[in-house]
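Engineer: Any chance you could fold what I've pasted below:
(one chain, ligands or ions: 1)
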Amino acid sequence: MKIEILTLFPEMFEGVLSASILGRAQAGGLLSIETHDIRAYTDNKHRKTDDYPFGGGAGLVMMAQPIFDCMAAVQGNEPAHRILLTPRGRLLTSERAKELSAYDRLILLCGHYEGVDERVNAIIDEEISIGDYVLTGGELPAMVLIDCVSRFIPGVLGSEESAQDESHAAGLLEYPQYTRPASFRGMDVPEILLNGHHANIQKWRHEQAMEKTRAVRPCLLGTFGKNKEK
Ligand code: 4FV
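Structural biologist: Numbering: from 1, shown residues only. Predicted coordinates:
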């Protein structure tokens, strides 16, 4: 998969995209991620990328021209699924991330300040939000999207990991996880995980996931109840 990021702050991505799993995925050729500086596509001598909103209101709005020209230069003649990160978008879920991982190419547009000129939607295929809160920019949401989409690309997670058996993948919050030592400062790992057999461990984990989901995110149970076994 090739991911290209249109941003005013390419430097924000350097650490995140070069470290850990994402760094290894790129080194292994499973993923290619590039950033593009929108400011390089401005057509005014002051390299201005934003301006005051028509109709008044606080803050600044990103102008359409630099974004249009940056998108045209980056996309070229090749198809890509173009996503604007914005609080006004469809909420990013594990299910949507898995669907996005099927694309060969994603182009992510990071808004900044108060957002982008509405006319930018003429060159966007989808608006995605990472949650109902407002950040200072779309860069962190883009990193979140890249991280959770990449986990569904075959080979990105090691063989010992899986994006399938975890919180939200099955429609529930994940069961508790423990590792060595079996007893730590008087807190013991549940006996069933030490001596139970596979079927009992699976049953216990499902019960724990249901209990956690009921306590913390009961709204998920409605979805889980509709199309999965109880
Ligand atoms: C956001 C979110 C988000 C709003 C104004 C960038 C900022 C600025 N993006 N999910 N929540 N974006 O807060 O995706 O343009």
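
Engineer: can you give me the helices in this protein?
Structural biologist: In the chain, the helices defined using DSSP state H lie at 14-18, 20-27, 64-75, 94-100, 139-150, 191-195, 198-216, 218-227.

Engineer: which of the ones you listed sits most buried?
Structural biologist: Highest mean neighbour count among these (mean count of other C-beta atoms under 10 Å): helix 139-150, with a mean of 21. Using the backbone N, CA and C atoms, a C-beta is placed for each residue, glycine as well.

Engineer: would JSON lines of the helices of the chain with mean pLDDT and distance to the ligand be doable?
Structural biologist: JSON lines is the format used below for these (pLDDT from 0 to 100; distance: least, C-beta to the nearest ligand atom, whole Å):
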{"stretch": "helix 14-18", "mean pLDDT": "92", "distance to the ligand": "16"}
{"stretch": "helix 20-27", "mean pLDDT": "93", "distance to the ligand": "19"}
{"stretch": "helix 64-75", "mean pLDDT": "98", "distance to the ligand": "12"}
{"stretch": "helix 94-100", "mean pLDDT": "96", "distance to the ligand": "13"}
{"stretch": "helix 139-150", "mean pLDDT": "97", "distance to the ligand": "4"}
{"stretch": "helix 191-195", "mean pLDDT": "95", "distance to the ligand": "37"}
{"stretch": "helix 198-216", "mean pLDDT": "97", "distance to the ligand": "21"}
{"stretch": "helix 218-227", "mean pLDDT": "74", "distance to the ligand": "19"}
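
Engineer: Please name the residues that touch the residue in the chain positioned nearest to the ligand.
Structural biologist: Per C-beta to the nearest ligand atom, residue 111 is where the chain lies closest to the ligand, at 3.1 Å. Neighbouring residues of residue 111 by C-beta atoms under 8 Å, 6 or more residues apart in numbering: 62, 84, 85, 86, 137, 138.

Engineer: What about it? Give its phi and psi, please.
Structural biologist: Dihedral pair for residue 111: phi -70, psi 170, per degrees, to the nearest 10.
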